[in-house]
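Asker: coordinates only, no sequence provided:
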């Protein structure tokens, strides 16, 4: 999980935001060294207060800790910025780091006041619990998720073994252009913040921004990558084999986690993938695939195990991408096999 890379520790506790005491509601990720930081956020114009504070805190490209509460989104609250800033300051004080090196996030119900008191009271125990506790942190950020979403992957850069791992949550309001989706990725690779940001921004286009559950883009989406450099590899430079190795590792982590979010969507009984072949451009392939994935009628047909291929053709036709409807081949595939549904 998020502790796979050297120097990353995590923790998760129940502090009292949620009434259910069996559910963790506060999570912490900590790097022993200040790390390069890159992030992408929701495109929703209504944004949670933590996003504003986080964006400001990592504007220098660095961070050392992440604090996230579940059960309350801290969005559309008059004192939201104040609460998010206090969370950073209180954690910074307990960790003996600057509050400006803290990333803050909240997930849960929108429009409910967030009381700082249980968070303030819980922070000492949260910090005391730091260890290789990725699962506890993952539980602490979950809302309606039914499954933990953890991942770890290793690769080589400059002859050094590097690791990248992460946790994610998201089940409803999933239609990224970056939803109630939170993703945290940690790596010990040495990579500069500008290169990290470029790679992350490019990769979300083909991973998180290609999934859909209910068609709603949330107010609190954040995907963060921290790189603390503790693997000791030569700095990853654009245009090198190490750059491609890191790109592939990041893509594997993001794609796997994105699929898990879609598969664990609220009410979902299946994970469906749409593959487009022989499009004239990658952009048109992307438009066609996303149109099918977002079609409510296609989702309904698949939920009902009804091979209503007209709904898929319909979604392709209104996508906006140019193609020849007379030249389509359509296949449906599952663990049971692959079937040609429609041709020419």
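Answerer: Sure thing, it's come through. What you see is a predicted model, and the numbers here were worked out from it, not measured in a lab.

Asker: buried ones in the longest strand along the chain?
Answerer: Longest strand in the chain, counting residues (DSSP state E): strand 26-41. For strand 26-41, burial by neighbour count (16 or more other C-beta atoms under 10 Å) applies to 26-31, 34-41. Heads up, the C-betas are built off the backbone N, CA and C, glycines and all.

Asker: take those and write them to JSON lines, including pLDDT and distance to residue 91.
Answerer: Putting these into JSON lines (pLDDT from 0 to 100; distance: C-beta to C-beta, whole Å) gives the following:
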{"residue": "26", "pLDDT": "98", "distance to residue 91": "10"}
{"residue": "27", "pLDDT": "98", "distance to residue 91": "11"}
{"residue": "28", "pLDDT": "98", "distance to residue 91": "7"}
{"residue": "29", "pLDDT": "98", "distance to residue 91": "11"}
{"residue": "30", "pLDDT": "98", "distance to residue 91": "9"}
{"residue": "31", "pLDDT": "98", "distance to residue 91": "13"}
{"residue": "34", "pLDDT": "98", "distance to residue 91": "15"}
{"residue": "35", "pLDDT": "98", "distance to residue 91": "15"}
{"residue": "36", "pLDDT": "98", "distance to residue 91": "20"}
{"residue": "37", "pLDDT": "98", "distance to residue 91": "16"}
{"residue": "38", "pLDDT": "97", "distance to residue 91": "21"}
{"residue": "39", "pLDDT": "94", "distance to residue 91": "18"}
{"residue": "40", "pLDDT": "91", "distance to residue 91": "23"}
{"residue": "41", "pLDDT": "85", "distance to residue 91": "20"}
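
Asker: of those residues, which is the nearest to residue 302?
Answerer: For those, the residue nearest residue 302 by C-beta to C-beta is residue 40; the value is 28.8 Å.

Asker: what sits against that closest one?
Answerer: 178, 200-201, 204, 222-223 (C-beta atoms under 8 Å, 6 or more residues apart in numbering).

Asker: same deal with residue 52?
Answerer: Counting by C-beta under 8 Å, 6+ apart, residue 52 touches 81, 84.
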